[in-house]
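Asker: no sequence for this one, just the structure:
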């Protein structure tokens with residue numbers, strides 16, 4: 001998948017007649033990182049990919065299109081692959097890899113336990129998010145409030161409200177997250 005995303009970025013950059021340096025300046029990502037990304041040699045965080053999408057004038061979801069055909073997408077449980085691991089605690093699985101023209105980005109995220117002394121900093125970004133707890137106890141920080149969400153609980157909020165998640169238990173937390181990516 002990294003290789004496909006990298007190829008798409010390179011093609012779009014060249015179509016817009018942008019250099020790596022220009023994309024680097026607009027996204028605050030290093031030229032070396034962008035070069036590796038275009039060659040499929042590195043992973044990219046969703047926020048960084050969203051910044052690249054904005055500069056290239058495309059929707060974030062367009063990078064997850066393995067084909068250009070529009071068909072209903074079915075992902076079998078045994079086909080699910082890890083898309084990214086953040087800070088060694090957040091394991092991301094995209095639930096519609098290869099789907100086209102996505103207005104929403106559905107993911108399953110597993111959150112490993114966290115030391116309760118570590119500070120969690122809520123942050124805003126463009127878009128909208130829906131979170132549904134499948135397993136475990138999620139601590140949701142939402143606009144200066146701390147909420148505990150249990151299996152079956154959900155939260156739906158504009159992503160412009162400062163927010164963040166944590167797992168202060170000793171068990172895995174598993175979430176279904178559907179977000180509306182930032183639009184360029």
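Answerer: Noted; the coordinates are in hand. All values reported here derive from a predicted model rather than from experimental measurement.

Asker: hey, let's count contacts and neighbours off CA atoms from now on
Answerer: Will do.

Asker: Would you check how far apart residue 161 and residue 80 are?
Answerer: 30 Å (C-alpha to C-alpha, to the nearest Å).

Asker: Counting neighbours, what do you get for residue 54?
Answerer: 17 (other C-alpha atoms under 10 Å).

Asker: What does the pLDDT read for it?
Answerer: On pLDDT, residue 54 comes in at 91.

Asker: tell me which element it is part of?
Answerer: Secondary structure assigned from DSSP states H and E places residue 54 in helix 46-56.

Asker: Would you map out the domains in the chain?
Answerer: 2-58, 77-180 (automatic domain parsing).

Asker: Turn those into JSON lines, including distance to residue 64.
Answerer: Listed next are those as JSON lines, based on distance: least, C-alpha to C-alpha, whole Å:
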{"stretch": "domain 2-58", "distance to residue 64": "7"}
{"stretch": "domain 77-180", "distance to residue 64": "6"}
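
Asker: related to what we said a few turns ago, more neighbours: which of residue 161 and residue 80?
Answerer: Set residue 161 next to residue 80 and count neighbours by other C-alpha under 10 Å: residue 161 wins out with 17 against 14.

Asker: Tell me the spatial nearest neighbour of that one, not counting adjacent residues.
Answerer: residue 124 (5.4 Å; C-alpha to C-alpha, 6 or more residues apart in numbering).

Asker: Report the rounded mean pLDDT for stretch 161-176.
Answerer: Stretch 161-176 comes out at a mean pLDDT of 93.

Asker: now stretch 19-33
Answerer: Here the average pLDDT along stretch 19-33 is 93.

Asker: quick one: low-confidence ranges for the chain?
Answerer: 1-2, 65-72, 98-102, 116-117, 181-184 (pLDDT under 70).

Asker: Now do the same contact list for residue 88.
Answerer: With contacts defined as C-alpha atoms under 8 Å, 6 or more residues apart in numbering, residue 88 has no neighbours.

Asker: hang on, the earlier thing: these two touch, right, the residue nearest to residue 161 and residue 162?
Answerer: Yes. With contact defined as C-alpha atoms under 8 Å, residue 124 reaches residue 162; the gap is 4.2 Å.

Asker: Of the two, which one has the most company?
Answerer: Between residue 124 and residue 162, counting by other C-alpha under 10 Å, residue 162 is the more crowded of the two (17 against 14).

Asker: Nothing else from me, thank you.
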